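>>> make a model of this:
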Amino acid sequence: MDLMEIIKNRRSIRKYRSDEISQQDLNEIFEAVQLAPSANNLQPWKFILIRNDKKKRLIAQACAGQEFIGEAPVIVVACAIGRGGYIGKYMESWPVDLAIAVTHLILSAWNKGLGTCWIGDFDEDKIREICSIPHVVRVVAITPLGYPVKTVPPTSRRPVERIICQESFSE
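Numbers count the residues shown, from 1 in each chain. This next block holds a predicted model:
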């Protein structure tokens, strides 16, 4: 599939089939993740793949009770390890680095016919406990990963001319 087609057609999926995901597809998805750019090429990430039904239910509960998360065959917990570089000399880059890597995961998964849904509403301490994540590691995102039950209609987007400015910032 063409990259622009993947970007235009990707949707957040909230209903998954129980079909297993092949190891080859997982390997190829995470090869795309591995290739994501990061500050100083530090790649400050680790991804935990959860397949255990009990853990999936607990993670869904720790994500504000969003039960659909636990229905996917795999839940991916994206973690920031160590420290990255800096952005603008004022902000650590690891949240952005992880966001880029998770975007690679989401787009690569869609290309393979797999759906995801970026989950940001979670209790980090509960996720740490469920997944045995040390306190120096930050949980940045969670996504279910699986084959969609149905196609989701597109959502509206602001026109391009409303999101770009020429030469200086303007409202």
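>>> strands of this structure, residue ranges please.
Here the chain has its strands, by DSSP state E, at 45-50, 74-80, 86-87, 91-92, 115-116, 138-146.
>>> how far is the fourth one from where the chain is centred?
Chain-centre distance of strand 91-92: 20 Å, with C-alpha atoms, centre = their mean, to the nearest Å.
>>> what pairs with that strand, parallel or antiparallel?
With DSSP bridges as the test, strand 91-92 is paired with strand 86-87 (antiparallel).
>>> check what contacts the strand it pairs with and list those residues.
Ala39, Glu92, Ser93, Val96 (C-beta atoms under 8 Å, 6 or more residues apart in numbering). Glycine gets a C-beta too; all of them are placed from N, C-alpha and C.
>>> out of the residues you listed, which is nearest to Glu67?
Glu67 lies nearest to Val96 out of those, by C-beta to C-beta, at 30.2 Å.
>>> neighbours of the closest one, how many?
Burial of Val96, expressed as a neighbour count using other C-beta atoms under 10 Å, amounts to 17.
>>> could you find the closest non-adjacent residue to it?
With sequence-adjacent residues excluded and distances taken as C-beta to C-beta, 6 or more residues apart in numbering, Val96 is closest to Ile87, at 6.4 Å.
>>> what about the one you found, distance to Lys55?
34 Å (C-beta to C-beta, to the nearest Å).
>>> over to Pro134?
The gap separating Pro134 from Lys55 is 17 Å, by C-beta to C-beta.
>>> those two: which has the busier surroundings?
Relative neighbour count places Lys55 above the other of Pro134 and Lys55, with 16 against 8, counting by other C-beta under 10 Å.
>>> report the contact partners of that one.
Contacts were defined as C-beta under 8 Å, 6+ apart; by that measure Lys55 touches Ile75, Ile130, Cys131.
>>> can I get those in TSV including pLDDT and distance to Lys112?
Listed next are the contacts of Lys55 as TSV, based on pLDDT from 0 to 100; distance: C-beta to C-beta, whole Å:
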residue	pLDDT	distance to Lys112
Ile75	98	17
Ile130	98	27
Cys131	98	24
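>>> ok, the residue nearest to His135 when sequence neighbours are not counted - contacts?
Spatially, and ignoring its direct neighbours in sequence, His135 is nearest to Arg128 (7.0 Å; C-beta to C-beta, 6+ apart). Contact criterion C-beta under 8 Å, 6+ apart gives Pro134, His135, Val137, Val139 as the residues in contact with Arg128.
>>> Ser38 reaches Pro44, doesn't it?
Yes - the pair Ser38 and Pro44 passes the contact test of C-beta atoms under 8 Å, sitting 6.4 Å apart.
>>> those two: which is more packed in?
When Ser38 and Pro44 are compared on other C-beta under 10 Å, the one with more neighbours turns out to be Pro44, at 24 against 18.
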